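Student: no letters, just coordinates:
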């Protein structure tokens, strides 16, 4: 088994005008999906959602700007570490993520495991 990180971008957490009830229902779908992964033995570490505020440090001159990204669809809204047999399996597990309801995305990345 290998570890993979899901990097969530966009989705319901960045949709303006979403009612508290709709946001609560959407977050409930996240909880259900993460619980299903855990029950099946795929969820190792659950990463908490990120706040919208942030700073970005960029370039050789280390320029600091407010806010992580200009567009909500590019904003990293959370991470999750899962355990799967392969990148293909980890990608298939990501298909059940609720982030797609609001045109979000999941980047699936293998985690480099150092020996000893």
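Tutor: Great, that's in hand. The structure displayed is predicted, hence computed values, not measured ones.

Student: and after the worst-scoring helix or strand of the chain on mean pLDDT, which helix or strand comes next?
Tutor: Ranked by mean pLDDT, DSSP states H and E, the weakest helix or strand in the chain is strand 43-46, scoring a mean of 67. Sequence-wise, the next helix or strand downstream of strand 43-46 (DSSP states H and E) is strand 55-58.

Student: counting contacts, what elements does that next one pack onto?
Tutor: Under the contact criterion of 3 or more CB pairs under 8 Å, 6 or more residues apart in numbering; DSSP states H and E, strand 55-58 touches strand 63-66. Placement of C-beta: from N, CA and C, glycine included.

Student: list the contacts of the strand it packs on.
Tutor: Outside of strand 63-66, the residues within contact range by CB atoms under 8 Å, 6 or more residues apart in numbering are 54, 55, 56, 57, 58.

Student: repeat that for 6 Å
Tutor: 55, 56, 57 (CB atoms under 6 Å, 6 or more residues apart in numbering).
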